[in-house]
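A.B. asks: below are the sequence and a predicted model for it; my questions follow.
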Amino acid sequence: MSLTKRKLILVLIFILVSASLFRVLRITLTTSYFLNLEHVPNTKNTRADTYGNKILSEKELRFLSDIILQKSPCNLLVFGLEDQYLKLPAINEGGKTIFLEDKPEKLIDLTTNVNGSARVYRIRYKTSAKEAYKLLKHARTHSSCSLRPGVRTLTAKCKIALTGLPKEVFKTKWDVIVVDGPGGDGPESPGRMSAIYMAGVLARAGNGTNVVVHDVDRMIEKWFSWEFLSEKNLVSSKGKFWNFKIDQKKNLVSLKQM
């Protein structure tokens, strides 16, 4: 009888020790796995989180819609043509809505569904995302890119400027400008450097323009928003949207040479 109890105790001790060892091993493996993940460069999941996620959350879409509704009917300019933006012309009923898109396949797929009061123009970007830092340094050091008071002309000498935009874009005083294009889905693709810069230029020629930039969790969008829209002008945010309110500055920039 005593021998049986002793065996039972030994079996219980073995089970408890085995369970403890298994738990320690599992914690060690799990910790090692996550530490290794932190050092894996350019994984597929990292790329998906960093680039090209064009789906707006319900809160983000409501945030953008409310900004437009506060000024509707208004002049609305959108860099980028996404499915979820097709409802913006209806929100801005009675106003002017223009989309600027660089990908021809999107123009074919989506323009037939755009509200008849809106217009879509294809534009071409001449820079790539990998040039972002170099272009930022260029813009800071060349007077042709300056947004300081007293600058009267903006020409092709500024490498970050978009010089091929429709004349209507420059002739209109925009109430709301949305920057959600180009896609910026990799270092070789067009980044949003020029779009954010031009939004800053056009906004300063408006009458208290709201500039709403999407994907501000990405480095280019952050850098260039701070540089050309200014942190002091940031009035609200939601999700990956930043909303800047840019006051008009008279004689800041003349767009006649663009």
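C.D. replies: Arrived safely. What you see is a predicted model, and the numbers here were worked out from it, not measured in a lab.
A.B. asks: every contact and neighbour count from this point should use C-alpha atoms.
C.D. replies: Will do.
A.B. asks: residue contacts, the residue nearest to D175 when sequence neighbours are not counted?
C.D. replies: Among residues not flanking D175 along the chain, T209 sits closest, at 4.6 Å (C-alpha to C-alpha, 6 or more residues apart in numbering). For T209, the contact set (C-alpha atoms under 8 Å, 6 or more residues apart in numbering) comprises 174-177, 203, 245-248.
A.B. asks: R124 too?
C.D. replies: Residues in contact with R124, defined by C-alpha under 8 Å, 6+ apart, are 102, 164.
A.B. asks: what about 10 Å?
C.D. replies: By C-alpha atoms under 10 Å, 6 or more residues apart in numbering, the contact set of R124 is 100-103, 162-165, 182, 190.
A.B. asks: kindly give a single ChimeraX line that selects the buried subset of these.
C.D. replies: In ChimeraX, a selection of the buried entries from the contacts of R124 looks like this (16 or more other C-alpha atoms under 10 Å):
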select :100,101,102,103,162,163,182,190
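A.B. asks: that older thread, which among the contacts of T209 end up buried?
C.D. replies: Among those, those buried by neighbour count (16+ other C-alpha under 10 Å) are 174-177, 203, 245-246.
A.B. asks: taking the residues you listed one by one, which sit in strands?
C.D. replies: Taking DSSP state E, the ones among those that sit in strands are 176-177, 245-246.
A.B. asks: let's have those residues in a markdown table, adding pLDDT and distance to L234.
C.D. replies: What follows is these, written out as a markdown table (pLDDT from 0 to 100; distance: C-alpha to C-alpha, whole Å):
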| residue | pLDDT | distance to L234 |
| --- | --- | --- |
| V176 | 98 | 14 |
| I177 | 98 | 14 |
| K245 | 97 | 7 |
| I246 | 94 | 9 |
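A.B. asks: as CSV, those with distance to A132 would be great.
C.D. replies: Below are those laid out as CSV (distance: C-alpha to C-alpha, whole Å):
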residue, distance to A132
V176, 25
I177, 21
K245, 24
I246, 23
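A.B. asks: out of these, which is nearest to C145?
C.D. replies: Lowest distance from C145 to these (C-alpha to C-alpha) belongs to I246, with 17.6 Å.
A.B. asks: returning to what we had before: of the ones in strands among the buried ones among the contacts of T209, which is the nearest to L76?
C.D. replies: Looking across those and measuring by C-alpha to C-alpha, the closest to L76 is V176, at 4.9 Å.
A.B. asks: how about that closest one, what does it touch?
C.D. replies: Residues near V176 by C-alpha under 10 Å, 6+ apart: 64, 67-68, 71-72, 74-78, 97, 199, 203, 206-212, 243-245.
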